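**Q** Model the following, please.
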Amino acid sequence: MPKAVVLTEYGPPDVLVWRDVAMPEPGPGQVRIRVKAAGVSPSDAKIRGGYVQAVFRLPPDAVLGFEAAGVVDAIGPSVSGVNVGDNVASLLPSLGGYAEYVLASSWTPKPANVSWSDAAALPVAAEAALGILKQLRVARGETLLVLGAAGSVGMVATQLAASWGVTVIGAAAPRDQDLVRSLGAVPVTYGDGLADRVRQVVASVDAVADAAGKGGLADAIALAGGPARVMTLADQHAADLGVAFSVGTPDRAPEALDQTMPLLAAGTLRVRREWQLPMEQAAEAHRLLENGDTHQKLILAVH
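**A** Below you'll find the model as predicted:
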């Protein structure tokens, strides 16, 4: 029987258990993927801990994981343009990536020169980055401030915006200043005085994409002249400041992956450096994520 990491109940990382599950069968419009690698995101940990039950209630024995890469293993009815044996990556709105097999309703071909880890690290970051840039209507010639420019989403947003002819100011920790510069942005450090440091580079910004959710929105609003073009992915205090959330939608996923996967293959887009663990160590991956013991993207691999 195939195996998966099952969420036995809401709670600490140990509620994630590697065990036998039924083989999923693809329905209309679906393919089954034999998973090679799955990404671990902060959202996974929030769901596991039960912090978002009000909006994301899971059935018993659910399998987490919004992103996976692997080999198409079976094809359901009404599916075209893909064959058994194709290498693909997928964003999984219904979860299921922490498994040896997962069903997907959308997918993007994985080029041969893109690693399984990189392919599994891309879907969530690509969808979120492209989504927030589009919702902010970021355009060539404008100036964009990215909060969290060295994180998984921030890196992709920074590189995409820079490639569009946008001037990007990237806020990140001191250790990440060289990384942010290498992405095509002007780096500044977080913390008190953020607005003053940005003003040493530009007088104001046209838009702000907060990919970190760790403060800085008040400075962002001051720099952008109001909250209208300030948007966050994660700051729980955003509503108090009149800042909108960027909320993902499944229909954006194929477009985001289709746009960014060729850039990844061409070497013109980089993803966050990864730390790979065996799939059965998903609980340990969640511990590392929550304890802040790694600044890398965590990937679960199936060997």
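**Q** now D44, nearest residue through space, not along the chain?
**A** L64 (4.8 Å; Cβ to Cβ, 6 or more residues apart in numbering). Yep, even glycine has a C-beta here, placed from its N, CA and C like the rest.
**Q** burial measure for A203, as a count.
**A** A203 has 9 neighbours, counted by other Cβ atoms under 10 Å.
**Q** Quick check: the gap between the residue nearest to D44 and T158.
**A** From L64 over to T158 the distance is 27 Å, taken as Cβ to Cβ, to the nearest Å.
**Q** hang on, the earlier thing: surely the residue nearest to D44 meets K46?
**A** No - counting by Cβ atoms under 8 Å, L64 does not reach K46; the two are 10.4 Å apart.
**Q** ok, these two, which is more surrounded?
**A** Legend: neighbour count by other Cβ under 10 Å for L64 and K46, higher for L64 (27 against 14).
**Q** Skipping adjacent residues, who's closest to Q296 in space?
**A** W275 (4.1 Å).
**Q** Surely the one you found is in contact with L288?
**A** Yes - at 7.4 Å, W275 and L288 qualify as touching, with contact defined as Cβ under 8 Å.
**Q** joint contacts of these two?
**A** 294, 298 (Cβ atoms under 8 Å, 6 or more residues apart in numbering).
**Q** Is the nearest residue to D176 once chain neighbours are set aside part of a helix or strand, or is it coil?
**A** Leaving aside its chain neighbours, D176 sits nearest to A150 (3.6 Å; criterion: Cβ to Cβ, 6+ apart). Counting by DSSP: H, G, I helix; E, B strand; the rest coil, the backbone at A150 sits in coil.
**Q** surely A150 meets Q159?
**A** No - taking contacts as Cβ under 8 Å, A150 lies outside contact range of Q159: 11.7 Å.
**Q** helix or strand for V88, which one?
**A** Assigned by DSSP states H and E, V88 belongs to strand 87-91.
**Q** where's the residue nearest to D176 relative to A45, distance?
**A** Counting by Cβ to Cβ, the gap from A150 to A45 is 19 Å.
**Q** mind listing the helices for the stretch 51-200 of the chain?
**A** With DSSP state H, counting those that start in this stretch as the definition, the stretch 51-200 of the chain shows helices at residue ranges 116-135, 152-163, 177-182, 194-199.
**Q** Between these, which one is closest to M261.
**A** Ranking the helices of the stretch 51-200 of the chain by distance to M261, with Cβ to Cβ as the measure, places helix 116-135 first at 6.7 Å.
**Q** Can you mark which positions in that closest one are buried?
**A** Within helix 116-135, the residues scored as buried using 16 or more other Cβ atoms under 10 Å are 116-133, 135.
**Q** swap in stretch 6-19?
**A** Buried, per 16+ other Cβ under 10 Å, within stretch 6-19: 6-7, 13, 15-16, 18.
**Q** residues in contact with it?
**A** Stretch 6-19 is contacted from outside by 3-5, 21, 47-50, 53, 58, 61-64, 98, 279-280, 282-284, 286-287, 290, using Cβ under 8 Å, 6+ apart.
**Q** let's go with 6 Å and repeat that
**A** 3, 5, 50, 61-62, 64, 280, 282-283, 286-287 (Cβ atoms under 6 Å, 6 or more residues apart in numbering).
**Q** Of those residues, select the buried ones using a PyMOL command.
**A** Per 16+ other Cβ under 10 Å, the buried members of these correspond to this PyMOL selection:
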select buried, resi 3+5+50+62+64+280+282+283+286
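**Q** Inside strands: which ones of the contacts of stretch 6-19?
**A** Among these, DSSP state E puts 3, 5, 62 in strands.
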